[in-house]
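A.B. asks: Let's see this in three dimensions:
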Amino acid sequence: LIRSTAKNFKSNIILHSPSQYNNFMINYDDIISSVDRRRELATSALHYITDYDISISNYFAGIDSSKNKQYLSLTKQFDFKYGLNPQQAPSAFWSVNDTDYRRNSIPFTVMNGNIGYINMLDAINGWNLVSEIEHTTGKIAAASLKHTSPAGVSIARDFTSAEQKVCNVSGEDHCNLSDCAKAYVLARNVDPKSSFGDFVAISGEVDITLALKLQKEISDGIVAASYTEDALRILKAKKSGNYVILQGDQFPLTYSETKIIGDFAMTQSNNDKLTTREVVENGLANDDTIPESNILDIQIANITLKYSQSNSVCLVKNGTLLGLGCGQQSRIDCVKLACNKALVVELRYKQGANLLDDFRPTVKKQDKINAVIKWIENDFSKSELNEWKSLFNTPPSLLDNKNIEFARYGMNNISLASDGFFPFHDNIDV
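C.D. replies: This is a model prediction of the structure:
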C-alpha cells in the first residue's frame with residue numbers, strides 16, 4: 001500500500017510514520033497545493049519501504065549459509081570538508097543500514113569543527129588504538145596520528161628528568177598533569193617532527209591540563225572519551241574556532257569491513273584478535289618468562305601495528321613507542337625506519353637536551369625541535385648548516401659518529417614487534 005500510494009503522489013499524500021504528522025498539520029495547505037512537496041513525502045516513503053525490504057532480505061541472507069546477496073542502505077550523517085585530496089569533493093560520512101527498524105550508533109559525536117576525510121580515518125584508527133590499549137592493559141593511552149598511522153603512542157606514566165626537560169615540563173607542571181595529559185605529551189614527543197599538525201586520540205577524559213598543552217601545539221583535531229567544560233572551552237577556541245573535536249563511543253569488537261570501488265566491492269571481517277597478557281605469555285618459548293614491563297610493551301607494540309599501514313615494525317620501551325616504520329614494501333626498510341626513529345628519540349633525550357639552553361630567545365618551539373633532530377641526523381648541506389648555526393647563541397659542536405654509536409649500543413630492554421614474519425636474519429642484522 002505504501003509503495004502504490006507513493007507512486008501516485010500526484011493524486012495522493014503518503015505519510016509512513018507518526019513522526020510526520022505534526023509537520024503535515026502545520027504545512028497542510030502547502031502540501032495539498034504543491035506536487036513537489038507531495039513528491040518529497042513519496043520519496044521518503046519509498047526509502048522507508050526499501051529499508052524494510054533490505055532489512056528482511058539481509059535477515060534471510062544471514063540464515064542462508066551462502067550469503068551470495070547482500071544490500072546496503074547508506075544514510076548521510078554529515079559532509080566532509082573535502083575528500084582524501086581537496087579536489088575530491090563532494091565527500092561525506094554515511095551510516096550503513098541505519099533504518100527505523102535497526103538503529104546504528106555512530107562511534108563519534110562531532111562537537112566542534114568541520115572534519116575532513118583524512119581526519120576521520122585518523123580518528124577511527126586513533127580511537128580504536130587507544131581504546132584497545134586501555135581495554136587490554138587497563139592503562140590510559142594517547143596517540144598522535146598523521147595520515148592514518150601513529151607518529152607517537154604512549155600510556156600514562158611519570159617522566160624521567162630528561163623527558164621533563166625535552167618535553168618542556170617543569171617539576172611542578174609534571175605533578176599537576178593528569179594521566180591523559182602525561183600520555184599525550186609523551187606520545188607527541190616520540191616523533192614531534194611528524195606529529196606537527198597531528199590528530200590526537202585519548203582513551204580517557206580531556207581535562208584542563210591536557211587542553212592547555214594542546215592549546216600550544218599545531219594540531220588538526222582530537223577524539224576522546226569525554227571532555228571537562230573548561231577543556232572544551234579552550235579547545236573550541238583553537239584554529240579560530242575550527243579545531244575538530246570528536247567524542248568517541250564504543251566500537252564493536254567484531255564487525256564487517258566493506259570497501260566500494262566504482263561498480264564492485266570487497267568485504268572482510270575486521271581483525272578482532274586482542275593482544276592480551278595471556279596471548280603474550282602463551283607465545284613465549286620453552287616456558288620462558290619476561291619482566292612485567294616487557295609484557296606491557298609487547299602488548300602496546302602489537303596493538304600499534306594493528307592500526308598502522310602494512311608492512312610495519314615498531315619498537316616500544318616503558319609503555320611508549322620509540323619508533324615505527326610502516327607503509328614500506330620491504331620489511332627490512334620498516335626495521336631501518338623504526339630503529340632510526342628510536343635512535344633519534346634516544347639521542348634527543350640523552351644528548352639533545354643539552355642544546356635546549358643554547359638557542360636564541362626568538363627561536364620558536366617547533367624550530368628548536370627540528371634543529372635538534374637535524375643535529376642528530378647530521379646531514380646538513382652548506383646553506384642548511386649556516387642557517388642552523390644562526391639559531392644558537394653559541395653554535396654547539398656537531399654530533400660525531402662515535403657518540404651516535406655509543407648511544408646505539410646503549411639502547412636495551414626494548415620490545416620489537418612486526419606485523420609479519422621475519423623470514424631471514426637480515427631483518428635483525430640491520
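
A.B. asks: contact partners of stretch 290-301?
C.D. replies: 133, 136-137, 139, 141, 153, 155, 275-277, 280-281, 284, 314-319, 321, 413-417 (Cβ atoms under 8 Å, 6 or more residues apart in numbering). Glycine gets a C-beta too; all of them are placed from N, C-alpha and C.

A.B. asks: Swap in 7 Å and give it another go.
C.D. replies: Stretch 290-301 has contacts (Cβ atoms under 7 Å, 6 or more residues apart in numbering) with 133, 136-137, 153, 155, 275, 277, 280, 284, 314, 316-319, 415, 417.

A.B. asks: what sits against the residue most central in space within the chain?
C.D. replies: Among the residues of the chain, Gly126 comes closest to the average C-alpha position under Cα atoms, centre = their mean, at 2.3 Å. Gly126 makes contact with Ala143, Leu145, Phe199, Ala201, Val223 under the criterion Cβ under 7 Å, 6+ apart.

A.B. asks: distance of Asp419 from Ala301?
C.D. replies: Separation of Asp419 from Ala301 (Cβ to Cβ, to the nearest Å): 10 Å.

A.B. asks: nope, Val166 is what I meant
C.D. replies: 22 Å.

A.B. asks: now do Leu177
C.D. replies: According to Cβ to Cβ, Leu177 stands 25 Å off from Ala301.

A.B. asks: ok, those two, which is more surrounded?
C.D. replies: Here Leu177 and Ala301 are set side by side on neighbour count (other Cβ atoms under 10 Å), and the busier one is Ala301, at 25 against 21.

A.B. asks: Grab the nearest non-local neighbour of that one.
C.D. replies: Counting by Cβ to Cβ, 6 or more residues apart in numbering, the nearest residue to Ala301 once its immediate chain neighbours are dropped is Ala417, at 3.6 Å.

A.B. asks: That neighbour contacts Asn302, correct?
C.D. replies: Yes - when contacts are counted by Cβ atoms under 7 Å, Ala417 is listed as touching Asn302 (5.0 Å).

A.B. asks: starting at the chain centroid, how far to the worst-scoring helix or strand of the chain on mean pLDDT?
C.D. replies: For the chain, using mean pLDDT, DSSP states H and E, the weakest element among its helices and strands is helix 426-429, scoring a mean of 72. Offset of helix 426-429 from its chain centre (Cα atoms, centre = their mean, to the nearest Å): 30 Å.

A.B. asks: Find the nearest non-adjacent residue to the residue nearest to the centre of the chain, please.
C.D. replies: Ala201 (2.9 Å).

A.B. asks: Now do the same contact list for the one you found.
C.D. replies: Here Ala201 is in contact with Gly126, Trp127, Leu129, Val130, Ala142, Ala143, Leu145, Val223 (criterion: Cβ under 7 Å, 6+ apart).

A.B. asks: where's stretch 209-224 relative to the chain centroid, distance-wise?
C.D. replies: Offset of stretch 209-224 from its chain centre (Cα atoms, centre = their mean): 14 Å.

A.B. asks: Extract the C-alpha trace of it and format it as PDB.
C.D. replies: Backbone C-alpha positions of stretch 209-224 (Å, rounded to 0.1, in the frame of the first residue of the first chain) are rendered in PDB as follows:
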ATOM      1  CA  THR A 209      45.900  20.400  32.000                       C
ATOM      2  CA  LEU A 210      45.800  18.500  28.700                       C
ATOM      3  CA  ALA A 211      43.800  21.200  26.900                       C
ATOM      4  CA  LEU A 212      46.400  23.800  27.900                       C
ATOM      5  CA  LYS A 213      49.100  21.600  26.500                       C
ATOM      6  CA  LEU A 214      47.200  21.200  23.200                       C
ATOM      7  CA  GLN A 215      46.500  24.900  23.100                       C
ATOM      8  CA  LYS A 216      50.200  25.400  22.300                       C
ATOM      9  CA  GLU A 217      50.500  22.600  19.700                       C
ATOM     10  CA  ILE A 218      49.800  22.700  16.000                       C
ATOM     11  CA  SER A 219      47.100  20.100  15.700                       C
ATOM     12  CA  ASP A 220      44.100  19.400  13.400                       C
ATOM     13  CA  GLY A 221      41.800  17.700  15.900                       C
ATOM     14  CA  ILE A 222      41.100  15.300  18.700                       C
ATOM     15  CA  VAL A 223      38.900  12.400  19.600                       C
ATOM     16  CA  ALA A 224      38.500  11.400  23.300                       C
END
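
A.B. asks: Noted, bye for now.
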